[in-house]
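Peer 1: build me a structure from this.
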Amino acid sequence: MIRRPLVLLAFLALVAGGGLLIGFLTLPGPWYEALQKPSFNPPNWLFGPAWTALYVLIAIAGWRVWLRDRAGSLMKLWWLQLALNFLWSPVFFGMELIAPALLVILAMLVVILLFIGRAWSQDRVAALLFVPYAGWVAFATLLNTAIWQLN
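Peer 2: Presented below is the predicted three-dimensional model:
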C-alpha cells in the first residue's frame, strides 16, 4: 500500500513541477505586455495560484486513473491533455504565436471534455476533478481567441 502514496507524489511532482517549470521558463514578458487584451483579462498574479490548484486536481485525477488502468484509453487521454497543456505556454509566450496557441488550447479543451465524458462512467471523482480545469481552459480559450482577434 505504500506504493499508492508514492505514485501520487510522482504524479504531483510531474504535473505541478512540470507545469510550474514551464510557467517560469515562459513568463509573460514585454511582448505579452504590449498586446491588446480584452476587458475580461485577469491580472497576471491570478494565473500562478489558479494553475497550481488545477495542477493538483489534474495530478490526482491522473493518479486515480493510473491505479485503475495505466495503459487504458482514459489514461491515454490524460497524457494527451497534459502534453497539450505543457505545449501551450511555449507556443504562446515562448514562440509568441497566438493563432497556433489557439489551436493547441482548442485541442486541449476537446481532450479535457473527452476525458470528463469517458471518466464519468469509470471514475466519477476523476471526472469531477477535471470540471474546474475544463472551466478554466474554456475561459483561457476565450481569452486566447480575444487576444488573437485584437492583435
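
Peer 1: where in the chain is pLDDT low?
Peer 2: For the chain, the stretches flagged by pLDDT under 70 are 1-2.

Peer 1: spatially central, which residue of it would that be?
Peer 2: Geometric centre of the chain, nearest residue: Asn85, 4.2 Å, by CA atoms, centre = their mean.

Peer 1: do you know how far that one is from Gly19?
Peer 2: Look at Asn85 and Gly19: by CB to CB, to the nearest Å, they are 7 Å apart. Using the backbone N, CA and C atoms, a C-beta is placed for each residue, glycine as well.

Peer 1: same check, this time on Asn41
Peer 2: Asn41 is 21 Å from Gly19, by CB to CB.

Peer 1: show me which of these two is the more surrounded one.
Peer 2: Gly19 (20 against 14; other CB atoms under 10 Å).

Peer 1: element containing that one?
Peer 2: In this assignment (DSSP states H and E), Gly19 forms part of helix 18-25.

Peer 1: and that helix, which residues are buried?
Peer 2: Within helix 18-25, the residues that qualify as buried by neighbour count (16 or more other CB atoms under 10 Å) are 19, 22-23.

Peer 1: which of those residues sits closest to Tyr133?
Peer 2: Gly19 (11.5 Å; CB to CB).

Peer 1: surely that closest one touches Leu87?
Peer 2: No: counting by CB atoms under 8 Å, Leu87 is not a contact partner of Gly19; they are 11.6 Å apart.

Peer 1: now the helices: where do they sit in the protein?
Peer 2: 3-12, 18-25, 30-34, 47-69, 73-89, 98-122, 124-129, 131-150 (DSSP state H).

Peer 1: how about residues contacting the third one?
Peer 2: Residues from elsewhere that reach helix 30-34, judged by CB atoms under 8 Å, 6 or more residues apart in numbering: 93, 96.

Peer 1: that one: how far from the chain's middle?
Peer 2: Relative to its chain's centre, helix 30-34 lies at 22 Å (CA atoms, centre = their mean, to the nearest Å).

Peer 1: may I see the buried residues of that helix?
Peer 2: Neighbour-count burial for helix 30-34, counted by 16+ other CB under 10 Å, picks out no residue.
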